[in-house]
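Q: Provide a 3D model corresponding to the input given below.
(2 chains)
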Protein chains: 2
Amino acid sequence: MKNEKIPYKIYLNENEMPNAWYNLRADMKQKPAPLLNPGTLEPMKAEELAGVFCEELIRQELDNDTAYFEIPEEIRNFYKMYRPSPLVRAYCLEEKLDTPAHIYYKFEGNNTSGSHKLNSAIAQAYYAKKQGLKGVTTETGAGQWGTALSMACSYFGLDCRVYMVKCSYEQKPFRREVMRTYGASVTPSPSTETEVGRKILAEHPNTTGSLGCAISEAVEKAVSSDGYRYVLGSVLNQVLLHQSVIGLETKAALDKYGVKPDIIIGCAGGGSNLGGLIAPFMGEKLRGEADYRIVAVEPASCPSFTRGVYAYDFCDTGMVCPLSKMYTLGSGFIPSANHAGGLRYHGMSSTLSELYHQGLMEAVSVKQTEVFEAAEYFARIEGILPAPESSHAIRAAIDEAVRCKETKEEKTIVFGLTGTGYFDMVAYEKFHNGEMNDSIPTDEELAVYRSQLPRVE
Amino acid sequence: MKNEKIPYKIYLNENEMPNAWYNLRADMKQKPAPLLNPGTLEPMKAEELAGVFCEELIRQELDNDTAYFEIPEEIRNFYKMYRPSPLVRAYCLEEKLDTPAHIYYKFEGNNTSGSHKLNSAIAQAYYAKKQGLKGVTTETGAGQWGTALSMACSYFGLDCRVYMVKCSYEQKPFRREVMRTYGASVTPSPSTETEVGRKILAEHPNTTGSLGCAISEAVEKAVSSDGYRYVLGSVLNQVLLHQSVIGLETKAALDKYGVKPDIIIGCAGGGSNLGGLIAPFMGEKLRGEADYRIVAVEPASCPSFTRGVYAYDFCDTGMVCPLSKMYTLGSGFIPSANHAGGLRYHGMSSTLSELYHQGLMEAVSVKQTEVFEAAEYFARIEGILPAPESSHAIRAAIDEAVRCKETKEEKTIVFGLTGTGYFDMVAYEKFHNGEMNDSIPTDEELAVYRSQLPRVE
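A: Next up, the predicted model:
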């Protein structure tokens, strides 16, 4: 069954790594909707964003036309410390499933941040440094983004201030300690350091925090500190741009062996991994050069694509950020206890939202227990203990491969294995002890938050 | 300064991976001393070991003459899931140190067990399965070996029973949970499951366990259970044989670029990593084909090479194992609180001991705080958060590179980066909080344990 020509792991040579990021928006006829100023409801201009974001990143954020952005040499050198990441042929999984499908996964977990987040963190830190800033602020939920940004800032000698969702801060002291190793300051959110934090604490003294709330704090801190800007690890166009390195490497590796995928699968929280993985494939699709099934996988407990609405909404709880048009559950929505911290966001990348709206990609939602069943199965067969987030994609890939067995189709499935689960063992423990929460929001609950969406004509 | 021809990471192709393990002993004129039966003081025969170890592994253990053992295809296929491991050119570290030295490290941490231990675990599980056994028993301290063995047993469908040193079991619940994910049963040691465990508990009710004690329990369990054998992750000749894959890959990668190392550095606990890394280089040295400085690095708190004696000693606390001639601190010696769990063993590989005794390698000892200083420095520059064990080698490599700066010598330094420290964040936290214990044993203390060594003519 094994194709002798294709190794278990395809590593590109360093000279085969991409020299430019690919901007998917350049090939979209209908562009993603612009960010709006929540006061005027007018599209945000570069100068309005300049107090929050770095200049070059704003340029990348607002540019819907340039197809390729050269990757600066300093960033390419940093990439070489942990990239190219392997594209793995899952021979063992195929054999165990007894499927005619060919399964590949792009593994982004072989770096200390444990995920793909480093691809954008190093770019954002680079531009902040180049602009002469002292430091950056950000929020982190599961901790992968915060860790990645700490590593990137340490490399360029930037100060890094992380607001970590309080329940994560308390449940994941080791994540916090890794960030500390890289010299970052980590504050549990909501905190008394910011006005928005104090306000939230006054209203909800016992809150354990949320991503939306930590974003509000980080933005306020950046805006009110001299020489600081705010950076974000997902959702934004600039992040998808940087993450295109995942897809470009994947495509180069497949092309090297003449392999054309049929189905491309990625987990979706804010869209950073999915948007990056699919970028060059979606580009071909948009240009009419090829066709692929592209599948987003999200938690049933936080189903932005599959049960949300396509509308303008706030990106954060404190409502200090611009409005973004996206598939959203409403900025007040809080998902039930769910161990995929990176997939608990109420909204979604506006670019991916527009593509989904146009019918260019599909979405499925999966429940937590079936996700961890797939995670453990995969760990035992392929050797890698996956992050809960990544395991959403594993679940969907296995389901597709099993379908191929039933229909006897030799399809090629590619999925994104975004990271490792070494800091998620509390979640695995709950799974082993049968204590997973599989509850999903009711229609009534979703209707409440939907009714609170801002009214934008 | 950068040599354009050498990439940041050298990956061999799968067809360049070794097909055979190299047995260093074949090239030693003076062979390592044999294991002795503690009752008769006669060399252990294969049949005496057959109740404890798997047959093929005994053959490998006792064979001092065969230079190469073919790696079975099933093991080579498993290796391909996580090997070849990268040989990394530490360009960033060189630049930061401003040293003329060229620094390389062989990174074995990119697998879920987090270390090189998987190289031998999969071999031992394979031979156990081939012999038709039901399962294996073992002990684990830091947890890397236990995790590796759990993964290997899960792959071949073998039962895996791990005795985990009680203080590690309690301090590292996440390690335990990873093993559980791979289906292993994990018991804190000493336990009431074994006679030796009950005896130790009766004498020391509050003991938090030791590696020597956990070995005794695992051996007893194997010998008294039908269809079980005992497996060990270090010290033994068979383990060094399997770990030679590290050195063989390192040498093949260096040869590919025409690089000849001057200094080879590895941390040393029982010797599994060091013995594997240096194997082909030491082979050349033994055959008079090349010369290298080879340096073992051990904790100042557990200095077997640098302050131990070369003598026959028990391998375990319960004194149920054969006697081994090695550099030892005495089987009753317990090092002070030290976070490099993999380097807390009182003895050392008999092969490495004989090589050290013959003056073919050097040894240095380093204190814990200076080890963690090197670990954090390395993490910030090279991006990888290292295991405390591996950081001993980092410390020595940095010291050598700084010396090269002083002497203006362009030496090539290769060291073994055995694993990652993601499950060691408690240790990093203590370092950040200035709570590291740097105490070392006094001469008087060492004399006490030395006087308790078994008397062997």
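Q: wait, residue A:88 sits on residue A:107?
A: Yes. Applying CB atoms under 8 Å, one finds residue A:88 in contact with residue A:107, separated by 5.6 Å. C-beta: built from backbone N, CA, C; applies to glycine.
Q: between the two, which has more neighbouring residues?
A: Comparing residue A:88 with residue A:107 by other CB atoms under 10 Å in any protein chain shown, the one with more neighbours is residue A:88, at 25 against 22.
Q: related to what we said a few turns ago, so what sits against both of residue A:88 and residue A:107?
A: residue A:417 (CB atoms under 8 Å, 6 or more residues apart in numbering or on different chains).
Q: helices of the stretch 351-457 of chain A, residue ranges please.
A: Here the stretch 351-457 of chain A has its helices, by DSSP state H, counting those that start in this stretch, at A:368-382, A:388-407, A:425-432, A:443-451.
Q: these: which one's closest to residue A:298?
A: Proximity to residue A:298 (CB to CB) singles out helix A:388-407 among those, at 6.9 Å.
Q: residues of the closest one that come out buried?
A: Neighbour counts over helix A:388-407 (16 or more other CB atoms under 10 Å in any protein chain shown) mark A:388-401, A:404 as buried.
Q: now do stretch A:246-262
A: A:246-254, A:259, A:261-262.
Q: also stretch A:111-129?
A: Applying 16+ other CB under 10 Å to stretch A:111-129 flags A:111-129 as buried.
Q: run the chain-centre distance for that stretch.
A: With CA atoms, centre = their mean, to the nearest Å as the basis, stretch A:111-129 stands 12 Å off its chain's centre.
Q: looking at the stretch 351-457 of chain A, which residue is nearest chain B?
A: For the stretch 351-457 of chain A and chain B, the shortest gap (CB to the nearest CB) falls at residue A:425, measuring 3.8 Å.
Q: so that residue touches residue B:173, yeah?
A: Yes. With contact defined as CB under 8 Å, residue A:425 reaches residue B:173; the gap is 7.4 Å.
Q: please say which of the two ends up with more neighbours.
A: Set residue A:425 next to residue B:173 and count neighbours by other CB under 10 Å: residue A:425 wins out with 22 against 13.
Q: list the contacts of the more buried one.
A: Residue A:425 makes contact with B:173-174, B:177-178, according to CB under 8 Å, 6+ apart.
Q: give me the distance between it and residue A:418.
A: Counting by CB to CB, to the nearest Å, the separation of residue A:425 from residue A:418 is 18 Å.
Q: phi, psi for residue A:264 please.
A: The phi and psi values for residue A:264, taken as degrees, to the nearest 10, are phi -120, psi 130.
Q: so which residue is dead centre in chain A?
A: Geometric centre of chain A, nearest residue: residue A:272, 3.3 Å, by CA atoms, centre = their mean.
Q: please look at that residue and residue A:121 and confirm they touch.
A: No. Counting by CB under 8 Å, residue A:272 does not reach residue A:121; the two are 10.6 Å apart.
Q: need the residues touching each of those two.
A: residue A:233.
Q: neighbours of residue A:131, just the number please.
A: With other CB under 10 Å as criterion, residue A:131 counts 13.
Q: need the per-residue pLDDT for it.
A: As predicted, residue A:131 sits at a pLDDT of 98.
Q: ok, it - contacts?
A: Listed by CB under 8 Å, 6+ apart, the contact set of residue A:131 reads A:54-56, A:229.
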